[in-house]
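> Pasted the sequence and its predicted model underneath.
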Amino acid sequence: MLIWDEKKPRADSDQLKLLYHVKLKDKVLTKVFKEDSVAQLESGWHDSALESIINIVRAPDGDFESIGNLANTVADLHSLQKIIELLHSTPQGKQAFERRSRLGDIDLQKLYRLPPNTLGYAYAEHLLKNNLQPLHSGQVENDYQFLGAHITETHDIWHIITGCDTNILGEIQLEAFYVAQLHFSRFWLALLAKNLVKAAIYDIEVSTKYMDAITKGWLMGKQSVPLFGIEWNSLWSKPLENVRSDLNIILCET
């Protein structure tokens, strides 16, 4: 299960993040998925998934209960296993799962004293400016938990690297980036669907802006090298523009 800092609620804009709220059982972790069909999921899963999406569409943006319910419903072990297999296909991803390195405790004030052009400074400034603390996750004992922990802990770094704002358009852009990079994530795809349905029902005038954000995030995620598994601790003092260049991150014009 992932944990986000609750001292300062994060806007739908920050929804998330995070949320591979996975209920793991020891006997399930050893199951081998041999079919690429959701037919193997438990009976009634489709109805539960649809209900959770409908509920989050009706809920105010940033409603943690509906976000948590959505995450618990759509983060099934089948799709998570597909993500893990995909990430294992790259040397960087395979090494990440083997090492299970964590960001650990982060001294924001120390990072804030780095030169203004560095990744560490940009990350610290982002959190301090918004009165946020680094996102943390619980104990990691298997690949599923590491997947969630790594995505949780690095979420704000991905914001900095991609240049995605923390407003609704920035979040939609980053959600599309996640979908492009993780391929099989029902959760991030469901968040995109939620935003489009809300636009269609409640505010059609934002539809073009939402589609632009999705397009920008998707294309950026496809052209970028995989971000999962990067040990960001070793890059704090590196110029942000150099980090982006190395990762083939090309910022979209606003």
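Ah, there it is.

> What pLDDT is listed against Gln81?
Model confidence at Gln81, expressed as pLDDT, equals 92.

> Name the residues of the one helix or strand it maps to that are buried.
In this assignment (DSSP states H and E), Gln81 forms part of helix 77-88. If you call a residue buried by 16 or more other CB atoms under 10 Å, then helix 77-88 has these buried ones: 77-84, 86-88. Yep, even glycine has a C-beta here, placed from its N, CA and C like the rest.

> just stretch 49-61 next, same as before
Within stretch 49-61, the residues scored as buried using 16+ other CB under 10 Å are 49, 52-53, 55-57, 59, 61.

> Need those residues in TSV (columns: secondary structure, distance to Gly120 and pLDDT).
Formatted as TSV, the entries for the buried residues of stretch 49-61 read as follows, by DSSP: H, G, I helix; E, B strand; the rest coil; distance: CB to CB, whole Å; pLDDT from 0 to 100:
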residue	secondary structure	distance to Gly120	pLDDT
Ala49	helix	39	89
Ser52	helix	37	93
Ile53	helix	38	92
Asn55	helix	39	94
Ile56	helix	34	94
Val57	helix	38	94
Ala59	coil	36	93
Asp61	coil	30	81
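
> The helix ranked longest in the chain packs against which elements?
With residue count as the measure and DSSP state H as the assignment, the chain has helix 143-162 as its longest helix. Using 3 or more CB pairs under 8 Å, 6 or more residues apart in numbering; DSSP states H and E as the contact definition, the elements that helix 143-162 packs against are helix 77-88, helix 91-99, helix 119-129, helix 168-182, helix 240-246.

> What are the buried residues along the last one?
So that's helix 240-246. Neighbour-count burial for helix 240-246, counted by 16+ other CB under 10 Å, picks out 240, 243-244.

> Next: the third one.
For helix 119-129, the neighbour count (16+ other CB under 10 Å) marks 119-127 as buried.

> How far does that helix sit from its chain's centre?
Taking CA atoms, centre = their mean, to the nearest Å, one finds the center of helix 119-129 at 18 Å from the center of the full chain.

> send the alpha carbons of it over as CSV?
Once non-C-alpha atoms are left out, helix 119-129 reads as follows in CSV (Å, rounded to 0.1, in the frame of the first residue of the first chain):
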residue,chain,number,x,y,z
LEU,A,119,17.9,19.0,-10.2
GLY,A,120,18.1,19.0,-6.5
TYR,A,121,17.4,22.7,-6.1
ALA,A,122,14.5,22.5,-8.5
TYR,A,123,13.0,19.6,-6.6
ALA,A,124,13.4,21.3,-3.2
GLU,A,125,12.1,24.6,-4.5
HIS,A,126,9.0,22.8,-5.9
LEU,A,127,8.2,21.2,-2.6
LEU,A,128,9.0,24.1,-0.3
LYS,A,129,7.1,26.6,-2.5
